[in-house]
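J.: just need the structure, nothing else, for what follows:
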Amino acid sequence: MSGWISVADRLPPSGVPVIAFYRNSAGMNRRIRAEYIAKNTREQSDDIDDLASEYDEETDTFYWPAGWYELVNNWDDYASIAVHEGEVTHWHAMPECPTEVVQAAGHIDLSYMPGQEGADRAAIYRAMIAAAQEPKP
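T.: Numbering: from 1, shown residues only. Model (predicted):
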């Protein structure tokens, strides 16, 4: 698997979006956009149930449980979901955005996509498609 890194050899830096690979309970291979969160590296927000977090007495802080999280950027309330239907075995760095899309869109700067918080990706993608379909002089 060229370019794929076994989690037995090395984990990605905590919180960095990557492509993760696992086989689900139905035996299907899955490639997902995900991040690995190392123990006690991401504080839990106040609006999350305490059962979904781990408490560290030393720092008096609730943290996300260590593990893999699929990144879902089309929901308003949730940005990630813990991977429970299989065990991630390999990961791969995220590729760069395709330059031909950037050139076709012209005026749209994609340097902050994907993986940056706060961007309205659906609106940006719609604008990219519309710009690509405009007749060129």
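J.: any low-confidence regions in this protein?
T.: Along the chain, the model assigns pLDDT under 70 to residues 1, 46-51, 75-78, 99-137.
J.: show me how it divides into domains.
T.: For the chain, automatic domain parsing gives the domain ranges 5-93, 99-133.
J.: sheet-wise, list the partners of the lengthiest strand in the chain with their directions.
T.: Using DSSP state E to define each element, the chain has its longest strand at strand 29-37. In the sheet, strand 29-37 lines up against strand 18-23 (antiparallel), strand 67-71 (antiparallel) (DSSP bridges).
J.: pull out the buried positions in it.
T.: Across strand 29-37, burial judged by 16 or more other CB atoms under 10 Å covers 30, 32-37. From N, CA and C alone the C-beta is placed, and that goes for glycine too.
J.: what of stretch 11-23?
T.: Residues of stretch 11-23 classed as buried: 11-12, 17-22 (neighbour count, 16+ other CB under 10 Å).
J.: can you pull out the helices in the chain?
T.: Here the chain has its helices, by DSSP state H, at 99-105, 121-133.
J.: ok, and what's touching stretch 16-29?
T.: 1, 4, 12, 30-36, 68, 70-71, 83, 85-94, 114-115 (CB atoms under 8 Å, 6 or more residues apart in numbering).
J.: again, 6 Å this time
T.: 12, 30-32, 34-35, 68, 71, 85-92, 94, 115 (CB atoms under 6 Å, 6 or more residues apart in numbering).
J.: likewise stretch 52-61?
T.: Contacts for stretch 52-61 (CB under 6 Å, 6+ apart): 40, 43-44, 62-63, 65.
J.: now stretch 81-94
T.: 3-7, 12, 17-25, 67-70.
J.: just the CA trace of it, in CSV.
T.: Extracted as CSV, the C-alpha positions of stretch 81-94 are listed here (Å, rounded to 0.1, in the frame of the first residue of the first chain):
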residue,chain,number,x,y,z
ILE,A,81,-17.6,11.0,15.1
ALA,A,82,-15.5,8.3,17.0
VAL,A,83,-14.7,5.4,14.7
HIS,A,84,-16.4,2.4,16.3
GLU,A,85,-17.2,0.0,13.4
GLY,A,86,-13.7,-1.1,12.9
GLU,A,87,-10.1,-0.5,13.9
VAL,A,88,-8.0,1.9,11.8
THR,A,89,-4.9,0.1,10.6
HIS,A,90,-3.3,2.6,8.2
TRP,A,91,-3.3,6.3,7.5
HIS,A,92,-2.1,8.5,4.7
ALA,A,93,-1.4,12.3,4.6
MET,A,94,-4.1,14.4,3.0
